[in-house]
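A.B. asks: here is my input, please return the structure:
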Amino acid sequence: MSRSRTYRAAALASACALVAVTGCGAADMTKQASPYANAQGSKTVTLSIQSWVGAQANTAVVKYLLEHELGYRVDTVQVDEVPAWDALSQGRVDAILEDWGHPEQEQRYVTDKKTIKPGGDLGVTGHIGWFVPTYFAKQHPDVTDWRNLNKYADQLRTPESGGKGQLMDGSPSYVTNDKALVSNLNLDYQVIFAGSEAAQITQMKQFAKEKKPFLTYWYKPQWLFEKVPMTEVKLPPYKEGCDADAEKIKCGYPHTPLKKFLNADFEKRGGDAATLMKNFQWNTKAQNDVSLMIAEQKLPPEEAAAKWVKKNKPVWEKWLPKKK
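C.D. replies: Residues are numbered from 1 along each chain as shown. Below you'll find the model as predicted:
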């Protein structure tokens, strides 16, 4: 998620145990190509799917509509954020439906090489930040100012963080400035990676069940806020360019309108499928509704998408190509 997700392992085992959440069963596009990608003259599509459940929700709904409304065959493949841009440029996948901002890749592939085309706004604004559980923030209101975090380092210590407080991050593949922030803001904390979104969620839910305090890297939109209310810790405000030097960062994360991107050849020749993906735009609540079904209710993504599609026809009908 550069959420500036170079933001966005208990680890691989925990993640793959929740395959419906993390998509571990998907093909790894760093090692192989989908037979559906860039298939000239056939109604096939390959969608990149990232490891967080919000991205899975996007893909599940678009996949369902492509298959059930437009008659396409759809493959989904899991790729980390930066390699997904390479795969998209090379035509090994046809679309990325949720990007949190990767300016270097956008410059290289959209502006310079012109192998990728913008697919428009997703309709959801993403934001990364540091959060504490609301029950802890109510007990200690000043913890929501980063300048007071060292005061609570002892209470946020874990066996993994040694003598320092723990700042829990998710997957090392996510865009995160947290190590630099901890160092540059002189915070008495250690960044500990849970290994995946699923493993991080498991840990946070366990802390919440026991009413223990925790400090975590997290992001909106995310369905977990409905189950574990959290309050954001105010970091130094983000200003354009404050994160330009990764080693000197002293500011928080931006609010990022999430974008879609299509392979340039697919955007030109993808027909109804490309039109649907460019038209696809929903809001945070819709994404969270589908995410909750996948992650918390443990529905297969296709079943979650089917339930959402059945209840929201006036929304998705507008995404379909106009009949000639």
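
A.B. asks: tell me the SS of the residue nearest to residue 222 when sequence neighbours are not counted?
C.D. replies: Of all residues not flanking residue 222 in the chain, residue 54 sits nearest, at 6.6 Å (C-beta to C-beta, 6 or more residues apart in numbering). From N, CA and C alone the C-beta is placed, and that goes for glycine too. The three-state label given to residue 54 by DSSP: H, G, I helix; E, B strand; the rest coil is helix.

A.B. asks: neighbouring strands - and their directions - for the longest strand seen in the chain?
C.D. replies: Secondary structure assigned by DSSP state E gives strand 116-133 as the longest strand of the chain. Strand 116-133 has the following strand partners under DSSP bridges: strand 215-220 (antiparallel), strand 230-233 (antiparallel), strand 255-263 (antiparallel).

A.B. asks: okay, these, which one's buried deepest?
C.D. replies: strand 215-220 (a mean of 23; mean count of other C-beta atoms under 10 Å).

A.B. asks: so what's the gap between that one and the chain middle?
C.D. replies: Distance, stretch centre to chain centre, for strand 215-220: 12 Å (C-alpha atoms, centre = their mean, to the nearest Å).

A.B. asks: contact partners of that strand?
C.D. replies: With C-beta atoms under 8 Å, 6 or more residues apart in numbering as the test, strand 215-220 has contacts from 1, 3, 7-8, 52, 126-132, 149, 156, 165-170, 176, 178, 189, 200, 204, 224, 230, 233, 284.

A.B. asks: give me that answer again for 6 Å
C.D. replies: Strand 215-220 has contacts (C-beta atoms under 6 Å, 6 or more residues apart in numbering) with 127-128, 131-132, 156, 167-169, 178.

A.B. asks: next: stretch 310-322.
C.D. replies: Residues contacting stretch 310-322 (C-beta under 6 Å, 6+ apart): 272, 275-276, 279-280.

A.B. asks: what do you get if the cut-off is 10 Å, keeping everything else the same?
C.D. replies: Outside stretch 310-322, the residues that touch it by C-beta atoms under 10 Å, 6 or more residues apart in numbering are 61-62, 64-65, 69-70, 271-283, 286, 289-290, 308-309.

A.B. asks: narrow those to those that are buried.
C.D. replies: Taking 16 or more other C-beta atoms under 10 Å as the criterion, what is buried in the contacts of stretch 310-322 is 61-62, 64-65, 69-70, 272-278, 280, 282, 286, 289-290, 308-309.

A.B. asks: could you pull out the strands for the stretch 1-150 of the chain?
C.D. replies: Per DSSP state E, counting those that start in this stretch, the stretch 1-150 of the chain carries strands over the ranges 27-28, 44-49, 73-78, 95-99, 116-133.

A.B. asks: possible to save these as a markdown table with distance to residue 259?
C.D. replies: Listed next are the strands of the stretch 1-150 of the chain as a markdown table, based on distance: least, C-beta to C-beta, whole Å:
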| stretch | distance to residue 259 |
| --- | --- |
| strand 27-28 | 24 |
| strand 44-49 | 13 |
| strand 73-78 | 19 |
| strand 95-99 | 5 |
| strand 116-133 | 6 |
